[in-house]
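Colleague: Coordinates for the following, if possible.
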Amino acid sequence: MLARYREPQTGRSILEIVITAAPLLAIWALAWALHAMGLWWAALLLTIPAAAFLVRLFMIQHDCGHGSFFGRKSANEWVGRIIGVFTLTPFDYWRQTHAIHHATSGNLDRRGLGAIEMLTVEEYRALTPTRRFGYRLYRHPLVLFGLGPAFVFFVMQRLPIGMMRQGWRPWASVIGNAMGVLAGLGGLIWVFGPAPVLIVNVVTMLLAATIGVWLFYIQHQFEGATWARNGGWRRDHAALNGSSHYDLPPVLRWFTANIGIHHVHHLSSRIPFYRLPKVLKDHPELGPVSRVGLRESFRCARLALWDEASGHLISFHEEQVTG
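Modeller: Prediction:
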């Protein structure tokens, strides 16, 4: 049913890159100029729209990782690698971990690489008090959406974690990305000095990383999400019921490149993001499936454990009540 939406349109893909990258670079240029004029606070304010465009740029890289943005494999790979310098994301390494995520999403027996850690109630209760505290700390919103994004993009992605023994390719990806990032930052610091780069580029990345982690979280850990063991796990069922339809307002939908239509994306990851709304228009029955609105999504931040007995994600408070 979805096969006819998978063909990318080269002209449209190029246009999406231009209308995303050009405003990002323009905002950064304006912010650097404002900082040079002594208006550092104005430069800092501009990191907010810059972060929105950087998130959108990452979503283009995401589609390149699925081979869905261009018809030619080499075009997807090199565009993805170049964007990775801006997003601090080693493309080839990330593509492999993300493929694992798609192959295991919603499967309780195959949790691991490429996903936010989540324990079942039984697993949590089996932990020592110290490890329980560690997991509660990890799942605290201030850590998960505050410190966590900075740690992932600035530290974790500097190493091919989970693939260190899989030959030279993962290492080449992360090292190549790191060299590109260092060259870019070095050039900016040489031209503008360290302060503008810290205020403009680093803050932009921190904001974008936080938005990205939140999106990834709400796409798979929401009220009504389903998880299953190997015997009961089915890919299409996991896609539709274990991935959310994050129904955002139109402006946010544009800046997040329709990634909120995540249940359809997991059904068919080869569909370019600009064709996902057409799927919902042609198949309105998919619209209400796993739908999460913007306001109600913030309640999902409390969810931390999978209760296999009830088949629901629950909070630590609910675990204490049932325990």
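
Colleague: contacting residues for residue 122?
Modeller: Taking Cβ atoms under 8 Å, 6 or more residues apart in numbering as the contact definition, residue 122 lies against residue 308. Every C-beta, even on glycine, is put in place using the N, C-alpha and C of the backbone.

Colleague: Wait, a helix at it?
Modeller: Yes. Counting by DSSP: H, G, I helix; E, B strand; the rest coil, residue 122 falls inside a helix.

Colleague: Over to residue 315: give its phi and psi.
Modeller: With angles defined as degrees, to the nearest 10, residue 315 shows backbone torsions of phi -90, psi 170.

Colleague: from what I can see it touches residue 307, true?
Modeller: No. The pair residue 315 / residue 307 is not scored as a contact, 10.3 Å apart, by Cβ atoms under 8 Å.

Colleague: And the most far-flung residue of the chain relative to its centre, how close does it get to residue 242?
Modeller: Here the centre of the chain is the reference, and by Cα atoms, centre = their mean the most remote residue is residue 37, at 34.9 Å. Residue 37 is 50 Å from residue 242, where distance means Cβ to Cβ, to the nearest Å.

Colleague: would you list every one of the helices in the stretch 51-200 of the chain?
Modeller: With helices called from DSSP state H, counting those that start in this stretch, the stretch 51-200 of the chain shows them at 73-87, 91-104, 121-125, 129-139, 141-142, 148-154, 168-192, 194-196.

Colleague: how big is the angle separating the first one from helix 168-192?
Modeller: In other words, helix 73-87. Put simply, helix 73-87 runs at 50 degrees to helix 168-192, going by axes from the mean of the first three to the mean of the last three Cα atoms, to 10 degrees.

Colleague: tell me which residues of helix 73-87 are tucked away?
Modeller: 75, 76, 77, 79, 80, 81, 83, 84, 85, 86, 87 (16 or more other Cβ atoms under 10 Å).

Colleague: before we move on, what about the longest one?
Modeller: By neighbour count, and taking 16+ other Cβ under 10 Å as the criterion, the buried residues in helix 168-192 are 170-171, 173-178, 180-181, 185, 188, 192.

Colleague: helices or strands next to that helix in the packing?
Modeller: Here helix 168-192 touches helix 10-36, helix 73-87, helix 91-104, going by 3 or more Cβ pairs under 8 Å, 6 or more residues apart in numbering; DSSP states H and E.

Colleague: Could you export the shortest one as CSV, CA atoms only?
Modeller: Read it as helix 91-104. What follows is helix 91-104, C-alpha atoms only, in CSV (Å, rounded to 0.1, in the frame of the first residue of the first chain):
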residue,chain,number,x,y,z
PHE,A,91,26.7,9.4,9.5
ASP,A,92,27.8,5.8,8.7
TYR,A,93,28.0,4.7,12.4
TRP,A,94,24.7,6.4,13.2
ARG,A,95,23.1,4.8,10.2
GLN,A,96,24.0,1.3,11.5
THR,A,97,22.7,2.0,15.0
HIS,A,98,19.5,3.5,13.7
ALA,A,99,18.9,0.5,11.5
ILE,A,100,19.2,-1.7,14.6
HIS,A,101,16.7,0.6,16.3
HIS,A,102,14.2,0.1,13.4
ALA,A,103,14.7,-3.7,13.4
THR,A,104,14.2,-4.0,17.2
